[in-house]
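# need coordinates for the below:
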Amino acid sequence: MRKNTTEKVLYFVPHQDDELLTFGIDIANSIKEGCDVHVIVCTDGASSNVRLRLGNREFCTQCGEQHVFDLTREDFTATRDREFYGSCAALGVKRENIHMEDERVVDGQLTVEEAKRIISKYLKELGGDCTVCTMYPNPPEIQHKDHMRLGFAAKELKDEGVIKNLVLMEEPYVAVIAEHSPDDEPVIIYASDDVALQIEKAVSEYFLWNPQDKRYAVGFHSVPDEMDQLITEKGLYYHVYE
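Below you'll find the predicted structure:
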């Protein structure tokens with residue numbers, strides 16, 4: 001799927017793992033097509049309950065060890081960032097094209113105005129004619145509020161003329177339960193065989209368990225079914241916002 005003839009695509013993701021779960025196939029496809037792909041993560045990702053589970057002193061049937069790892073929010077963000085960087089590398093994103101704010105928004109506290117500020121900042125730095133790709137906003141009862149607010153922020157910026165080209169993508173696990181109007185049904189794209197291999201490699205970054213190297217398989221503990229769905233169904237859902 002190609003958005004238009006622009007060569008630079010900016011993916012704004014709320015948390016580490018969304019670059020894969022919601023955008024992974026499209027990121028890999030964009031890079032294959034020769035686009036200059038940039039990925040911007042907007043929050044610290046530190047509010048996941050996995051952080052507390054890693055220190056709950058209980059035996060974990062998923063990783064086969066007792067959870068005795070007391071991570072600060074900063075430590076937890078760092079281990080999520082390691083997974084995120086590994087995933088981006090598997091998808092083909094250059095390290096210098098991965099962007100994070102020096103003071104990232106606290107996970108769960110992203111506002112529409114802050115999301116608009118972040119998107120506008122990187123459009124100014126990287127070029128106003130870029131294609132922006134971010135979350136399709138769905139009702140909060142079926143979608144994380146950081147995801148929803150990024151989508152609303154992007155739509156507002158498109159209406160204001162700040163964003164020239166906008167693609168909104170739905171989380172596969174949300175798209176299958178969301179209600180869509182007849183004129184706004186998402187289009188599904190599927191991974192080719194070579195991209196599917198990249199997706200599997202990216203998923204493995206989120207399943208890596210090696211506490212000695214500060215790898216705690218956060219994605220595996222958090223959303224294993226969603227990761228498996230991405231591998232087995234090999235599809236993503238998108239809308240072009242006119």
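# what's the helix ranked longest in the chain packed up against?
As assigned by DSSP state H, the longest helix anywhere in the chain is helix 73-91. The contact analysis (3 or more Cβ pairs under 8 Å, 6 or more residues apart in numbering; DSSP states H and E) places helix 73-91 against helix 18-21, helix 24-32, helix 50-53, strand 98-105, helix 193-206, strand 215-216, helix 218-222. (Each C-beta comes from the backbone N, C-alpha and C, glycine too.)
# from those, which stretch is densest packed?
helix 18-21 (a mean of 26; mean count of other Cβ atoms under 10 Å).
# mean confidence score for it?
Helix 18-21 shows a mean pLDDT of 97.
# could I get the CA-only coordinates of it as PDB?
C-alpha atoms of helix 18-21 as PDB (Å, rounded to 0.1, in the frame of the first residue of the first chain):
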ATOM      1  CA  ASP A  18       2.700  -0.400  18.500                       C
ATOM      2  CA  GLU A  19       5.200   0.100  15.700                       C
ATOM      3  CA  LEU A  20       4.900  -3.600  15.100                       C
ATOM      4  CA  LEU A  21       1.300  -4.500  16.100                       C
END
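# which other helices and strands contact that helix?
If contacts are counted by 3+ Cβ pairs under 8 Å, 6+ apart, helix 18-21 sits against helix 73-91, helix 193-206, helix 224-233.
# residues contacting the second one, please?
The reference is to helix 193-206. By Cβ atoms under 8 Å, 6 or more residues apart in numbering, the surrounding residues in contact with helix 193-206 are 17, 20, 24-25, 28-29, 32, 83, 86-88, 90-92, 191, 217-220, 227, 230-231, 234.
# which residues belonging to stretch 154-166 are considered buried?
Applying a neighbour-count criterion of 16 or more other Cβ atoms under 10 Å, one finds 154-158, 162-166 buried in stretch 154-166.
# off-centre distance for it?
Stretch 154-166 sits 20 Å away from the centroid of its parent chain (Cα atoms, centre = their mean, to the nearest Å).
# can you give me the end-to-end span of that stretch?
Length of stretch 154-166, first residue to last, Cα to Cα, to the nearest Å: 8 Å.
# who touches that stretch?
Contacting residues not belonging to stretch 154-166 are listed as 3-4, 6, 12, 112, 115-116, 119-120, 123, 128-135, 137, 168, 240-241 [Cβ under 8 Å, 6+ apart].
# one more time with 10 Å, if that's ok
With Cβ atoms under 10 Å, 6 or more residues apart in numbering as the test, stretch 154-166 has contacts from 3-6, 9-10, 12, 112-113, 115-116, 119-120, 123-124, 127-137, 151, 153, 167-168, 239-242.
# helix or strand with the lowest mean pLDDT in this structure?
Least confident helix or strand of the chain, by mean pLDDT, DSSP states H and E, is strand 235-241 with a mean of 84.
# tell me the strands beside that strand, with direction?
In the sheet, strand 235-241 lines up against strand 165-170 (antiparallel), strand 187-190 (antiparallel) (DSSP bridges).
# quick one, which of those gets closest to residue 147.
Of all the strands paired with strand 235-241, it is strand 165-170 that lies closest to residue 147, at 9.3 Å by Cβ to Cβ.
# about what we covered before: can you give me the angle the longest helix of the chain makes with helix 24-32?
Interaxial angle of helix 73-91 relative to helix 24-32 (axes from the mean of the first three to the mean of the last three Cα atoms, to 10 degrees): 50 degrees.
# got the buried residues for helix 73-91?
Quick answer for helix 73-91 (16+ other Cβ under 10 Å): 75-77, 79-91.
# chain center to it: distance?
Distance, centroid of helix 73-91 to centroid of chain: 12 Å (Cα atoms, centre = their mean).
# kindly format the C-alpha coordinates of it as PDB.
Provided in PDB are the C-alpha atoms of helix 73-91 (Å, rounded to 0.1, in the frame of the first residue of the first chain):
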ATOM      1  CA  ARG A  73       9.700   3.200  35.700                       C
ATOM      2  CA  GLU A  74      13.000   4.400  34.100                       C
ATOM      3  CA  ASP A  75      14.400   0.800  34.000                       C
ATOM      4  CA  PHE A  76      11.100  -0.500  32.500                       C
ATOM      5  CA  THR A  77      11.100   2.200  29.800                       C
ATOM      6  CA  ALA A  78      14.700   1.300  29.000                       C
ATOM      7  CA  THR A  79      13.900  -2.400  28.600                       C
ATOM      8  CA  ARG A  80      10.900  -1.600  26.500                       C
ATOM      9  CA  ASP A  81      13.100   0.600  24.300                       C
ATOM     10  CA  ARG A  82      15.500  -2.300  23.800                       C
ATOM     11  CA  GLU A  83      12.600  -4.300  22.400                       C
ATOM     12  CA  PHE A  84      11.400  -1.400  20.300                       C
ATOM     13  CA  TYR A  85      14.800  -0.800  18.800                       C
ATOM     14  CA  GLY A  86      15.200  -4.500  17.900                       C
ATOM     15  CA  SER A  87      11.800  -4.500  16.300                       C
ATOM     16  CA  CYS A  88      12.500  -1.400  14.300                       C
ATOM     17  CA  ALA A  89      15.800  -2.900  13.100                       C
ATOM     18  CA  ALA A  90      14.000  -6.100  12.000                       C
ATOM     19  CA  LEU A  91      11.500  -4.100  10.000                       C
END
